[in-house]
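Colleague: Quick one, structure for this:
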Amino acid sequence: MKKNSSQPIGVPAWKRWLEFRHRVLPAIVFVVALLAVITLWDRHLTSPSLIGQVQTTRLNIRTPSGGTITNLTVQLFQQIQKGDTIAKLDPGDPLTALGNQADLLL
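Modeller: From the prediction side, this is the model:
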């Protein structure tokens, strides 16, 4: 037998395509998917922000006598008018409540 070392053995095109699909294509798909995830993450998961002005109104509510609030008659953020009842008070003796609290602390 005579050796012919000048030409390598040819590889069929289908074999090259098979090797490309098994070795290179998964890496390409992974990199493309990773870039897509990073792009979507950057565009859609940024913290929302708005610019605006806020005007607050703070009121001090006082009663002529002390007591304990027993019933709120308004809801959070409900608008009220002057003279509306917003809570009911138990006019219990506040000094007795303070005395009971002092006994608990001892």
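
Colleague: Contacts for stretch 73-83 next, please.
Modeller: Stretch 73-83 has contacts (CB atoms under 8 Å, 6 or more residues apart in numbering) with 84, 85, 86, 87, 88. Placement of C-beta: from N, CA and C, glycine included.

Colleague: please redo it, this time with the cut-off set to 7 Å
Modeller: 85, 86, 87 (CB atoms under 7 Å, 6 or more residues apart in numbering).

Colleague: And for the first one, the neighbour number?
Modeller: Burial measure for residue 85: 9 neighbouring residues, criterion other CB atoms under 10 Å.

Colleague: Doesn't it belong to a strand?
Modeller: No - using DSSP: H, G, I helix; E, B strand; the rest coil, the assignment for residue 85 is coil, not a strand.

Colleague: quick one on the thing from earlier: just the closest of the contacts of stretch 73-83 to residue 21, please.
Modeller: Comparing the contacts of stretch 73-83 against residue 21 with CB to CB places residue 86 closest, at 73.7 Å.
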